[in-house]
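Colleague: just to be clear, the model below is a prediction. Sequence and coordinates:
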Amino acid sequence: MGITIDNFVIQTSNAELLRLPHWNAKAGKIHAIIGESGSGKSLLLKTIMGLLPADLNSKGDLNVKTAEMEFNPLNCAEDKWLSIRGKEIGMIFQEPLSALNPQMRCGAQLEEAWFIHKQSTKKASKQAILKRLSQVGLKDIADRVWSSYPHQLSGGQRQRLMIAMSTLHNPPIILADEPTTALDFFSRKTVLEDLIELVKELGSTLIWVSHELDVVQDYADTITVLRKGELIDTGSVKQVIDTPHPYVAELLKALPLPKVGLIPDGDPHIEIRDIGKVYPNKTRALQGININLSKGQTLGVVGTSGSGKSTLAKILVALESPSEGKVCIEGVHISKIPPTGIQMVFQDPFSSLNRRHTAIQAMDEILRVRFPSLNNSEREIKMRRWLEGVDFPSHLWNKRPTEMSGGQRQRLCIAKALCTEPEILILDEAVAALDPIVQQQVLETLERLQHENGLVYLFITHDLQVAKHVSDKWIYLDKGRVSELPKEWMNI
């Protein structure tokens, strides 16, 4: 059982996107696939799942074998896929907010996935589903998750929900596309261990796409390295890491180190005074948050999933109203002045981009509003500057978000925010979807821009290593309050 690939190519009419001379994934093993954004990692998973875009061509041999059936995803009829997806192959998508139905409560979506392949009573199905929610770290809030819509959950909670949904029927093959990107260190560890324990218990094949090389080393049996659609290296973890290919060595060097040369406090540019947030259902998201930041400073905001990090960000850009407290810029309450130079890079890039707009159209729309006096050539110069500044590939400038990888979409979102030349930039998990090398490049770009323009950054992240790398000071949020960093986090 497992997956075997020989002389396999995916291409457009004029470009080759992925070439695998030979590759296999054995049953009961954890196969990690790493590589930079756009290297073909997600494209391979979509192909195995029968989701290869219609405008792409493929050739070669691709064979999937489970205990129940054997098939080639490239010539499998759609009616056959109805009995395969979810039962024989489960997939954990990279961006859960886009993969979930925004108009259905989460419990209804889980039941829908259950009843496609199993007939049982409502009571029995709910019992089985709640058990799986508990296994992926949602035990304490399972009832709330059941009755919530996707947008009412945090990014990490949505990711756990996706993991539960994709494994409901214990499929023999599980495809995981960046399954822990949105999770904090300990949630990530717990969810991965639960997922891997399930894989081993079932004797399933786990194909795990990730850019988190430090995590991959701890859990995978084999590692495959892709770059620009080419197979760079493949083998056991020891083979790939101990005698690394130059590109793998470059990935290892790119892991973030603590920041040196911290910016001291000066006159506060932004003041957050006793901010609190209580939702209509009486859920308290924030309480007593006090922060002062001077020009050129970066505040790292870390915490577990659901701790209130994104709620704080939304209050600062007026997408949420605080229940108490206020935010002042240069001493002026921001609710009493027109919109200021605050921009935000959102956690889920796909949901924050207009799917009908190309990258150029997305940038042009913003520049026309922000700088109405610029002519076409002047706007083009600004677009080029910011797209190149975040390493956004030029061949994607006329492409839409659906034609980009997760990391490429995130870079476009960063360019969109920067092109308005803001004074304050809020980055909500802005580099979580990027591989180490691109992450390092984007962080260096953000640091250079900050030094040149005196920008203030609020850098929201679940990754303490990244927080230490970018921050002049940082806070740890726990259940909406500023708390002491747990002892377990000290050595991260």
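Modeller: Done, it's in.

Colleague: which ones are touching residue 434?
Modeller: 37, 211, 407, 410-411, 442 (C-beta atoms under 8 Å, 6 or more residues apart in numbering). Bear in mind the C-beta positions are built from the backbone N, C-alpha and C, glycine included.

Colleague: go with 10 Å
Modeller: By C-beta atoms under 10 Å, 6 or more residues apart in numbering, residue 434 lies in contact with 36-37, 181, 211, 391, 406-408, 410-411, 414, 440-443.

Colleague: now do residue 90
Modeller: Neighbour list for residue 90: 49, 113, 162-163, 165-176, 204 [criterion: C-beta under 10 Å, 6+ apart].

Colleague: same deal with residue 234?
Modeller: By C-beta under 10 Å, 6+ apart, residue 234 lies in contact with 20, 22-24, 31, 33, 222-226, 240.

Colleague: again, but for residue 30
Modeller: By C-beta under 10 Å, 6+ apart, the contact set of residue 30 is 174, 176, 192, 195-196, 199-200, 204-208, 216, 219-223, 237.

Colleague: gap between the spatially closest residue to residue 284 that is not a sequence neighbour and residue 206?
Modeller: Of all residues not flanking residue 284 in the chain, residue 278 sits nearest, at 5.0 Å (C-beta to C-beta, 6 or more residues apart in numbering). Distance of residue 278 to residue 206, computed by C-beta to C-beta, to the nearest Å: 41 Å.

Colleague: doesn't residue 103 fall inside a helix?
Modeller: No. Checked against DSSP: H, G, I helix; E, B strand; the rest coil, residue 103 lies outside a helix; its state is coil.

Colleague: so who does the closest residue to it other than its chain neighbours touch?
Modeller: Closest residue in space to residue 103, ignoring its immediate chain neighbours: residue 149 at 7.8 Å, by C-beta to C-beta, 6+ apart. By C-beta under 10 Å, 6+ apart, the residues touching residue 149 are 100-106, 108-109.

Colleague: now do the phi/psi pair for residue 149.
Modeller: Per-residue torsions, residue 149: phi -90, psi 160 (degrees, to the nearest 10).

Colleague: hang on, the earlier thing: pipe the contacts of residue 234 into JSON lines and attach distance to residue 420, pLDDT and neighbour count per row.
Modeller: Output for the contacts of residue 234, formatted as JSON lines (distance: C-beta to C-beta, whole Å; pLDDT from 0 to 100; neighbours: other C-beta atoms under 10 Å):
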{"residue": "20", "distance to residue 420": "41", "pLDDT": "93", "neighbour count": "21"}
{"residue": "22", "distance to residue 420": "48", "pLDDT": "92", "neighbour count": "13"}
{"residue": "23", "distance to residue 420": "44", "pLDDT": "92", "neighbour count": "19"}
{"residue": "24", "distance to residue 420": "48", "pLDDT": "91", "neighbour count": "15"}
{"residue": "31", "distance to residue 420": "42", "pLDDT": "95", "neighbour count": "21"}
{"residue": "33", "distance to residue 420": "36", "pLDDT": "95", "neighbour count": "27"}
{"residue": "222", "distance to residue 420": "44", "pLDDT": "94", "neighbour count": "19"}
{"residue": "223", "distance to residue 420": "40", "pLDDT": "95", "neighbour count": "25"}
{"residue": "224", "distance to residue 420": "40", "pLDDT": "95", "neighbour count": "23"}
{"residue": "225", "distance to residue 420": "37", "pLDDT": "93", "neighbour count": "23"}
{"residue": "226", "distance to residue 420": "34", "pLDDT": "93", "neighbour count": "26"}
{"residue": "240", "distance to residue 420": "42", "pLDDT": "91", "neighbour count": "24"}
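
Colleague: secondary structure and distance to residue 96 added to those residues, as CSV?
Modeller: Output for the contacts of residue 234, formatted as CSV (DSSP: H, G, I helix; E, B strand; the rest coil; distance: C-beta to C-beta, whole Å):
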residue, secondary structure, distance to residue 96
20, strand, 27
22, strand, 33
23, strand, 27
24, strand, 29
31, strand, 22
33, strand, 20
222, strand, 26
223, strand, 25
224, strand, 24
225, strand, 26
226, strand, 23
240, helix, 29
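
Colleague: and the strands in the stretch 351-492 of the chain?
Modeller: With DSSP state E, counting those that start in this stretch, the ranges of strands along the stretch 351-492 of the chain come out as 424-428, 456-460, 473-478, 481-483.

Colleague: dump the ones you listed to a markdown table, plus mean neighbour count.
Modeller: Converted to a markdown table, these look like this (neighbours: other C-beta atoms under 10 Å):
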| stretch | mean neighbour count |
| --- | --- |
| strand 424-428 | 24 |
| strand 456-460 | 24 |
| strand 473-478 | 18 |
| strand 481-483 | 16 |
